[in-house]
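Undergrad: need the 3D shape of this:
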Amino acid sequence: MSSKKKKNKRLEGKKQMINKKSLRENILTIFRNFPSETLNYKQISKRLDIKENPLKKMITEILYELKEEEHLDEPQTGKFHLKAEACYVVGIVDLATNGYGFIVTDEYPEDIFVSMVNLNHALHGDKVKVYLFAKKKKSRPEGEVVEILERARTSFVGIVEMSKSFAFLVPSAKQIPFDIFIPLRSLNGQENLGKNIPKSKLIFRLVVRVKE
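TA: The predicted structure is shown next:
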């Protein structure tokens, strides 16, 4: 295989590992950790150890998207820093049945909207730290859960739906609007209980350690 083909293969592999969503999260993390710094795409590429031009181009695109969404300011052409109005608050998750949630906090005058993707494994009643996005004109406050400080519960009751290689717990609580993935090895010998039950469904109490 030629060196050019090897290089292209390595690049394709790296692009698969670094998708746009994960790259966006990494870029935001850099700005949140260094809120006073002004950075361009080259500096961010260096901190993320990215040398490939297609990925550097993606970084530039993301920077301008974050500026358009008012997460970043551009004081000089091509140089960005975290928007000054952004801050962190601590509050309790009030999860809606369709997946999004609100953060109830005494540190902010309004409840803070958090989309399903920005809940980052937080569940109803959890105490969380939230990054508050810079508020746009005539819009509700919005943020992202960056740390789960305290779980409201770790024990869930529901129906287990099983397949050959994994299972899902369908929680009975309406405040948990999504299923919980369970590797078979975590069923602790219970994986055969559903063999004689229609559709391999059974109801039992399960302690779930949810990834934070």
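Undergrad: for the rest of this, base every contact and every neighbour count on C-alpha atoms.
TA: Fine.
Undergrad: I'd say residue 58 and residue 22 touch.
TA: No: here residue 58 lies out of contact with residue 22, judged by Cα atoms under 8 Å, at a distance of 11.6 Å.
Undergrad: quick check on the two: which one has the bigger neighbour count.
TA: Neighbour count, other Cα atoms under 10 Å: between residue 58 and residue 22, residue 58 has more, with 15 against 11.
Undergrad: what helix or strand is the more buried one located in?
TA: helix 53-68 (DSSP states H and E).
Undergrad: check which element follows that helix along the chain.
TA: strand 72-76.
Undergrad: and that following strand with helix 53-68, angle?
TA: Note on geometry: by axes from the mean of the first three to the mean of the last three Cα atoms, to 10 degrees, strand 72-76 and helix 53-68 are set 100 degrees apart in direction.
Undergrad: okay, domains of the protein per the record?
TA: Per automatic domain parsing, the structural domains of the chain span 3-82, 87-150, 155-207.
Undergrad: for the residue most central in space within the chain, which non-adjacent residue is spatially closest?
TA: Residue closest to the mean C-alpha point of the chain, counted by Cα atoms, centre = their mean, is residue 120 at 3.7 Å. Ranked by Cα to Cα, 6 or more residues apart in numbering and with sequence neighbours excluded, the top spatial neighbour of residue 120 is residue 145, at 6.2 Å.
Undergrad: separation between the one you found and residue 89?
TA: Separation of residue 145 from residue 89 (Cα to Cα, to the nearest Å): 10 Å.
Undergrad: what touches both of the two?
TA: Common contacts of residue 145 and residue 89 (Cα atoms under 8 Å, 6 or more residues apart in numbering): 129, 130, 131.
Undergrad: just the element for the last one, please.
TA: Taking DSSP H and E as the definition, one finds residue 131 inside strand 127-132.
Undergrad: identify the residues contacting that strand?
TA: 86-93, 112, 122, 141-152.
Undergrad: from the chain's centroid, how far away is that strand?
TA: Computed by Cα atoms, centre = their mean, to the nearest Å, the separation of strand 127-132 from the middle of its chain amounts to 12 Å.
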